[in-house]
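Student: Here you go, sequence then predicted model.
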Amino acid sequence: MPELPEVETIRRGIEPVITGKKITAVHILETRLRRPVNEGDFEKWVTGQTITGVGRRSKYLLLNMSNGATLLIHLGMSGHLGLFAPDAPLDKHTHIIFDLENNIQVRYRDPRRFGLLEVAPPGAPAEYASLAGLGPEPLSAEFNGASLAEALAKSGRAIKVALLDMRVAAGVGNIYANEALFAAGIDPRRLCRDLSAAEFDALAAAVKATLSRAIAQGGTTLNDYRNALGEAGFFQLELAVYERDKQPCLKCGAVIERVVLGGRSSYFCPCCQR
């Protein structure tokens with residue numbers, strides 16, 4: 001699943017190419033995504049509009065239109081947003097195509113069809129249903145040890161489970177929660193209420209550092225993730241614990257363990273993480 005670093009990598013890849021360009025046509029080849037695509041919204045709010053900027057909120061890409069509308073794109077489990085020449089062969093599972101005036105197509109491909117493309121009318125994005133209730137961006141100044149402590153100091157949940165709560169932090173993701181907890185030296189099974197202020201500080205800093213490193217490496221490619229130009233990421237070469245169960249810890253040599261918390265696999269070193 002594309003997580004925050006992968007989505008941010010795609011954003012950075014498409015922004016300089018499509019900003020300032022008019023969408024001349026939208027071709028909807030498949031409407032059956034996570035929620036049915038409303039073709040009328042694309043005709044009303046997107047076709048003929050100029051893209052004024054490309055943002056990101058959590059794992060959503062936000063394409064801002066000259067009329068004030070915003071196109072929200074969530075890649076789901078297997079979605080990919082890429083840049084193509086109009087005459088490039090059409091990959092299987094390509095569901096939506098945007099023709100731009102610079103003779104480039106933006107294509108959305110999604111084998112599992114669990115992604116989401118929808119249009120927020122002018123002035124609506126901040127309050128739009130898909131974005132409502134999201135917590136602070138993990139890379140923002142609003143996300144820090146104090147904000148984590150305020151949200152979680154009384155919680156009886158495991159810290160790994162809480163870190164994946166979108167109301168606590170908007171889009172850390174499973175891979176990066178595992179890696180950040182290792183970097184902070186915190187056992188993913190620890191209850192939030194048992195963490196000290198210093199540990200919350202260390203965890204917030206580790207989340208920021210881990211996500212920043214992953215973005216610098218173009219994200220993590222474990223299966224089929226590719227950026228907007230079809231290139232793989234390289235952060236998988238730096239993974240310390242994720243999917244490394246039964247292998248030696250790169251720091252101390254102990255065997256990495258795996259447990260399931262909140263229905264998600266969690267990986268940790270029993271010696272380095274307390």
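Tutor: Okay, I see it. Numbering: from 1, shown residues only.

Student: Which residues are in contact with the nearest residue to Ala197 once chain neighbours are set aside?
Tutor: Using C-beta to C-beta, 6 or more residues apart in numbering and skipping the chain neighbours, the partner closest in space to Ala197 is Ala149 (5.8 Å). The way it works is simple: take the backbone N, C-alpha and C, and place the C-beta from them, glycine included. Counting by C-beta atoms under 8 Å, 6 or more residues apart in numbering, Ala149 makes contact with Leu195, Ala197, Phe200.

Student: any idea which element Ala149 lies in?
Tutor: Using DSSP states H and E, Ala149 sits in helix 145-152.

Student: residues near Arg11, how many?
Tutor: 21 (other C-beta atoms under 10 Å).

Student: now swap in Gly233 and tell me
Tutor: Gly233: 21 neighbours (other C-beta under 10 Å).

Student: How much space separates it from Arg213?
Tutor: Gly233 sits 11 Å away from Arg213, going by C-beta to C-beta, to the nearest Å.

Student: Could you check how many residues crowd around Arg189?
Tutor: When neighbours are counted by other C-beta under 10 Å, Arg189 registers 15.

Student: give me every residue that touches it.
Tutor: Ala158, Ile159, Lys160, Val259, Leu261, Ser266, Phe268.

Student: quick one, phi psi at it?
Tutor: phi -90, psi -10 (degrees, to the nearest 10).

Student: got it, and Thr220?
Tutor: phi -120, psi 120.

Student: Grab the longest helix from the chain for me.
Tutor: When the chain is parsed with DSSP state H, its longest helix is helix 197-216.

Student: so Leu163 makes contact with Ala180?
Tutor: Yes - using C-beta atoms under 8 Å, Leu163 is in contact with Ala180, at 7.5 Å.

Student: what residues are shared contacts of the two?
Tutor: Val172, Leu203, Val207.

Student: Closest one to Phe42 out of those, please.
Tutor: Using C-beta to C-beta, Val172 comes nearest to Phe42 of the shared contacts of Leu163 and Ala180, at 31.0 Å.

Student: coming back round to it: restricting to C-alpha, output the helix holding Ala149 in CSV.
Tutor: Extracted in CSV, the C-alpha atoms of helix 145-152 (Å, rounded to 0.1, in the frame of the first residue of the first chain):
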residue,chain,number,x,y,z
GLY,A,145,6.0,14.9,21.6
ALA,A,146,3.6,17.2,23.4
SER,A,147,0.8,16.6,20.9
LEU,A,148,1.4,12.8,21.2
ALA,A,149,1.3,12.9,24.9
GLU,A,150,-1.8,15.1,25.0
ALA,A,151,-3.6,12.6,22.7
LEU,A,152,-2.3,9.4,24.2
